[in-house]
Structure formats: C-alpha cells, structure tokens
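Asker: Predicted structure and sequence below. I'll ask about it afterward.
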Amino acid sequence: MQGHVLDYNCPMISDARDPAGSESARQVRRMFSLIAPRYNLMNRIMTGGQDLYWRREVILRLHLRPGDSLLDLGSGTGDLAFEALRQQPDSHPIAVDFSLEMMRRGQAHGRLDWSAADALCLPFSTGTFDATVSGFLMRNVPDVQQVLREQHRVLKDGGRIVILDTTRPRFGLLRPLTWLYMHIIIPLLGGLIAGQRSAYAYLPASTDKFLRAEELAARMAAVGFYRLGFRRVMLGTIAIHWGEK
C-alpha cells in the first residue's frame, strides 16, 4: 500500500479549522489513548460479545475478493482489518487511526499495515481502495460529510462502504431501558473496569448528538453513494450502514 500514499491537500478544510490540531480532536485522541489498554475488553462487556458478530457482518457485506484493498478507517486496535484477513486472507487491509496508543495495542494482535492519519483528510490517492469500513468512528468526527467525501474519493468506481456505529434509538417502550444502560451502566462499567468513567460517559453523550440511522443514510447519498441500506441492532442503539460508489 505504500505506493498509494501521497501528501494529499484537502481543499475543503481550511487551516483555521484544522481537524487534527483542534482542541476537540486533541481531547478525543487523549481519551482513546487512556482507554486503549481496556478498549477491546470493554467492547466485549458493553455489548455482551455481540460486537464480534457485528464486525463479522460488516466485513461480509463488503464481499471482499482475493486481492481487494481495504481501508479500515478509525481502526483503533484493528478489529475490522483483522476480521477482513480472517474472512479473505488474500485481501490487503490497511488500518488507519490518529491514536498512536490504539495502534500500538493493535500491533500486538498480529501482522497488519498501519497508517497514522486523520479521517477528514486522508493521505491516499483518489480511487485507491476497493472497500472502506469504519467501526464507531463517525460519531467522533467534527464533520461527517467531509469524512464521507474522503471515503468516496479514495474508493474505486464500484467500491463498497460499510459503517458500524451507534445511533439514537427510536422512541418506544424500551427507550427508558436503553437510556439507563447507556447513561448509567456503561459509565459505571467504564469506571470499574477501565478506570475511566468520564471517557465512557462520552459514549452516550456522543451518541445523543449523533445522526439517526436515516439521517446518516441521507448523508451518504448526498456525497454520491448509492445502493444504500442499513439495519439496527442491540435494541436500536447500533446501526450498520452499507453502500456503493
């Protein structure tokens, strides 16, 4: 993948709004550095192990073929990239994240190509990848539309995108239970297991501010993706979106 890396200048991002250097970006990076040691364990506990099945479905929906290149954006410890290699050993995933500590943790799990980069301005040529994927990235970025544009840009024509992320649940009888779990139980578990209650209080707070599943699908369509679809899991608090360029 090294031959595809370049110094790409994103014309839609001004110096005054530098995403990598903003205070909010630094706070998010610090938060993920703090939770990195218990990140995978907390994911298993918070979801009752269901996140393993979601990641499996995410990669299945990419329909990877031998030789396909995959960009795992906001890769964290590389779970999706490693799953891609399990499903299609002849694929070529590259894991991208802006938290060095998360990537260091991922390097201990196996051999994988890594790149430190910002999702709002990717250092890859236009039309590089056969597929892009992200897991729990989109609710953390300051400009969802720009991140989608960048993924659309680096995909080849006919390339596939799949997004796994939290979403605001619909109103219904179970809404109070999901609120209790996300706003009370998850921060409590984060404090007890990871020693980072405030970081895990960020999870429900960022979900509350994030787009509904229908809204994210509309954003994907607006940048040029088609054949779109999504499905909700875990009582409507998680959504898997997919589409094509």
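Answerer: Sure thing, it's come through.

Asker: For stretch 187-198, output the C-alpha coordinates as CSV.
Answerer: Extracted as CSV, the C-alpha positions of stretch 187-198 are listed here (Å, rounded to 0.1, in the frame of the first residue of the first chain):
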residue,chain,number,x,y,z
PRO,A,187,-20.1,4.8,32.6
LEU,A,188,-20.2,2.7,35.8
LEU,A,189,-18.5,-0.2,34.0
GLY,A,190,-16.0,2.2,32.4
GLY,A,191,-15.0,3.3,35.9
LEU,A,192,-14.9,-0.1,37.4
ILE,A,193,-13.1,-2.0,34.6
ALA,A,194,-11.1,0.6,32.7
GLY,A,195,-10.7,3.3,35.4
GLN,A,196,-12.1,5.8,33.0
ARG,A,197,-15.7,6.7,34.0
SER,A,198,-15.6,10.1,32.3
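
Asker: Could you check how far Tyr200 is from Gly190?
Answerer: Distance, Tyr200 to Gly190, using C-beta to C-beta, to the nearest Å: 3 Å. The C-beta positions use only the backbone N, C-alpha and C, and glycine is treated the same way.

Asker: nope, Gly48 is what I was after
Answerer: Distance from Gly48 to Gly190, counting by C-beta to C-beta: 16 Å.

Asker: likewise Val28?
Answerer: Separation of Val28 from Gly190 (C-beta to C-beta): 16 Å.

Asker: what do you get for Thr47?
Answerer: Distance from Thr47 to Gly190, by C-beta to C-beta: 14 Å.

Asker: between these two, who's got more neighbours?
Answerer: Gly190 (23 against 16; other C-beta atoms under 10 Å).

Asker: wait, doesn't that one sit right on Arg197?
Answerer: Yes - with contacts counted by C-beta atoms under 8 Å, Gly190 reaches Arg197, the gap being 5.2 Å.

Asker: Name all residues that make contact with Phe129.
Answerer: Taking C-beta atoms under 8 Å, 6 or more residues apart in numbering, we find Phe129 in contact with 69-71, 154-156, 159.

Asker: hey, what's it bridged with?
Answerer: Assessed by DSSP bridges, Phe129 has beta-bridge partners Leu155.
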